[in-house]
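> Quick one, what's the 3D model for this:
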Amino acid sequence: MRHRRAPMIAWTACLLAMALIICAIVLGVLNGADAEAVSFPLALTVSAVVGGLVASRRPANPVGWLFLGSAICVALNTVAAEYATYGLLTSPGALPFAGAMAWVSEWTEPWGAALLLVILPFFFPDGHLVSPGWRPVAWLVFLALMVDAVVLRVLIPGVVVFGATRIANPLGVEALLPFAEAIGTGVWLGSILVAVTSLVVRYRRSRGEERQQIKWLALAASAIPVWFLTNAPIQAATPNLFQVVDTLIVFTLIPVAAGVAILRHKLYDIDQIINRALVYGSLTATLALVYVGGVVGLQSVFRVLTGQESTLAVVASTLVIAALFGPLRRRVQAFVDRRFYRRKYDAAKTLEAFAAGLRDETDLGTLNDHLVGAVSETMQPAHVTLWLHPDPALKDKNKRAVIRESGRDEQ
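Numbering: from 1, shown residues only. Next up, the predicted model:
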């Protein structure tokens, strides 16, 4: 692909994805869409825009084209599903080929996730495989995904279940029925495992900026399983908010992280971000447990003493949380630094010890030794040399004293 045409093709694909997204939103509104049906297509705009930016500026890197392909596949799947919903459920018979569009929505469904979660890790961040030995592995994973899409989505026997409507699969093959589910599960689990292994191997071999880029993607990807494990209270309390946040986390974090990692010449301090995420994530979970435990425990005490609940339990638990925040944050920060950032922790302790000794020490030679030792332990350079610039005023004073002494000797 010529670099002159790459930006035009990239932005054309981005506009195609945006047009499909708009169609999905319009059809969703006509179908009486909920928050998820609207937020889901909107979240795809992030992948489309990041894909356009990366592909137009780094056309040789397939990562941008993978984001564009993922956005187009998911948007096409959403349009097909909303089209079939309108033609089969909202206004039956109003649109032609509604049954065929339901079938299209079935077999286009896996490709957006496959490109983003399976194929992308093989090429991130520089657009090349880890080594030539990974080429047959990547092709094997791609062919396995093709088998999954064809066997399970195109040729699966029986009917396509769409809402309350059952639609016959025009290409169904009955002989595939006993193997369909087992093949699909095995393909997806194996493909994701191989993709993650590829990224781990790349990280172990990488240095400098490339390692920082991989950290960006790993941080965004790690938020997805954490969200799945902790989102039950939000889903129970506010289903609409849950749907919006769920969509944004799953479909926007990875494109944003990858786009920042690839396009920035000077990366953000990703280690600092990971450090803060560990500290405040642990702090939030701990304080939440303390708050819930305090409220439940105090309410039990009030029920025993007075026979009814009291708002004092909430007030008391809130005051305890406010009092614990500062000390607990410092303790969690020290634990994270000591456990995961040992070099930084040791360097901070060395500087603290040097600063404490600096207040009491007056001998210049001793201070020289302490300073050189602190620099060697914290920064670990190959060689350290300390040069002290002489004070001009002191030099002139010594010079005048020498002149006076010489004058006396002449007299």
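> and the closest residue in space to V173 that isn't next to it in sequence, how many neighbours does it have?
Leaving out its chain neighbours, the residue that sits closest to V173 by CB to CB, 6 or more residues apart in numbering is L155, at 4.8 Å. For every residue, glycine as well, the C-beta is placed using N, CA and C. By other CB atoms under 10 Å, 16 other residues sit near L155.
> How about G99?
The local packing of G99 (other CB under 10 Å) involves 17 other residues.
> so it is in which element?
Using DSSP states H and E, G99 maps to helix 98-114.
> Work out the gap between the helix or strand just after that helix and the centre of the chain.
Next helix or strand after helix 98-114 toward the C-terminus (DSSP H and E): helix 120-123. Centroid separation for helix 120-123 versus its chain: 15 Å, with CA atoms, centre = their mean, to the nearest Å.
> One more: stretch 76-88?
Centre-to-centre, stretch 76-88 and its host chain are 30 Å apart (CA atoms, centre = their mean).
> for stretch 306-326, same thing?
Chain-centre distance of stretch 306-326: 35 Å, with CA atoms, centre = their mean.
> What are the contacting residues of that stretch?
283, 287, 290-291, 294-295, 298-299, 302-303 (CB atoms under 8 Å, 6 or more residues apart in numbering).
> would you turn those residues into JSON lines with neighbour count, pLDDT and distance to L30?
Below are the contacts of stretch 306-326 laid out as JSON lines (neighbours: other CB atoms under 10 Å; pLDDT from 0 to 100; distance: CB to CB, whole Å):
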{"residue": "L283", "neighbour count": "18", "pLDDT": "79", "distance to L30": "45"}
{"residue": "L287", "neighbour count": "17", "pLDDT": "78", "distance to L30": "45"}
{"residue": "V290", "neighbour count": "15", "pLDDT": "80", "distance to L30": "48"}
{"residue": "Y291", "neighbour count": "16", "pLDDT": "78", "distance to L30": "44"}
{"residue": "G294", "neighbour count": "18", "pLDDT": "79", "distance to L30": "49"}
{"residue": "V295", "neighbour count": "17", "pLDDT": "76", "distance to L30": "45"}
{"residue": "L298", "neighbour count": "19", "pLDDT": "79", "distance to L30": "51"}
{"residue": "Q299", "neighbour count": "18", "pLDDT": "79", "distance to L30": "47"}
{"residue": "F302", "neighbour count": "16", "pLDDT": "77", "distance to L30": "52"}
{"residue": "R303", "neighbour count": "13", "pLDDT": "78", "distance to L30": "51"}
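> any chance of the residues you listed in CSV, plus secondary structure and distance to A113?
Below are these laid out as CSV (DSSP: H, G, I helix; E, B strand; the rest coil; distance: CB to CB, whole Å):
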residue, secondary structure, distance to A113
L283, helix, 33
L287, helix, 35
V290, helix, 38
Y291, helix, 36
G294, helix, 41
V295, helix, 40
L298, helix, 46
Q299, helix, 44
F302, helix, 49
R303, helix, 49
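> and G133, how many neighbours?
By the measure other CB under 10 Å, the count of residues near G133 is 8.
> likewise D126?
A count of nearby residues for D126, using other CB under 10 Å, gives 15.
> Now do the phi/psi pair for it.
When quoted as degrees, to the nearest 10, the phi and psi of D126 stand at phi -90, psi 0.
> wait, what's in contact with it?
Contacts for D126 (CB under 8 Å, 6+ apart) come out as 61, 210.
> so which helix or strand takes in I167?
strand 165-168.
> Now do the buried residues in the helix or strand harbouring S191.
Remark: S191 resides in helix 180-205, with elements defined by DSSP H and E. By neighbour count on 16 or more other CB atoms under 10 Å, the buried set for helix 180-205 is 180, 184, 187-188, 191-192, 194-195, 198-199, 202-203.
> Could you do stretch 113-133 as well?
Using 16+ other CB under 10 Å as the test for burial, stretch 113-133 gives 113-125, 127, 130.
> Then stretch 137-149?
Buried-residue list, stretch 137-149, by 16+ other CB under 10 Å: 137-138, 141, 144-145, 148-149.
> does V130 sit in a helix, a strand or a coil?
Using DSSP: H, G, I helix; E, B strand; the rest coil, the structure places V130 in coil.
> That one against R205, yeah?
Yes. Counting by CB atoms under 8 Å, R205 is a contact partner of V130 at 6.9 Å.
> Kindly state the domain boundaries assigned to this protein.
Domain segmentation of the chain under automatic domain parsing yields 6-264, 282-340, 346-410.
> With distance to N275 added, can I get those domains in CSV?
Below are the domains of the chain laid out as CSV (distance: least, CB to CB, whole Å):
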stretch, distance to N275
domain 6-264, 11
domain 282-340, 6
domain 346-410, 13
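> Point out the most buried one among the ones you listed.
Ranked by mean neighbour count under mean count of other CB atoms under 10 Å, the domains of the chain are led by domain 6-264, which reaches a mean of 18.
> That one: how far from the chain's middle?
Centre-to-centre, domain 6-264 and its host chain are 16 Å apart (CA atoms, centre = their mean).
> and A81, helix, strand or coil?
On the three-state scheme (three-state DSSP), A81 is labelled helix.
> so it makes contact with A98?
No. The pair A81 / A98 is not scored as a contact, 10.8 Å apart, by CB under 8 Å.
> How about the spatially most central residue of the chain: what's its closest non-neighbour residue?
Centroid-nearest residue in the chain, with CA atoms, centre = their mean: A220, separated by 0.8 Å. Spatial nearest neighbour of A220, chain neighbours left out: A257 (3.6 Å); criterion: CB to CB, 6+ apart.
> so what's the one you found up against?
Contact analysis of A257 by CB under 8 Å, 6+ apart lists 216-217, 219-220.
> For my notes, confirm it occurs in a helix.
Yes. Counting by three-state DSSP, A257 is part of a helix.
> And it, what's its pLDDT?
We have a pLDDT of 81 for A257.
> do you know how far it is from P41?
To P41, A257 is 21 Å away according to CB to CB, to the nearest Å.
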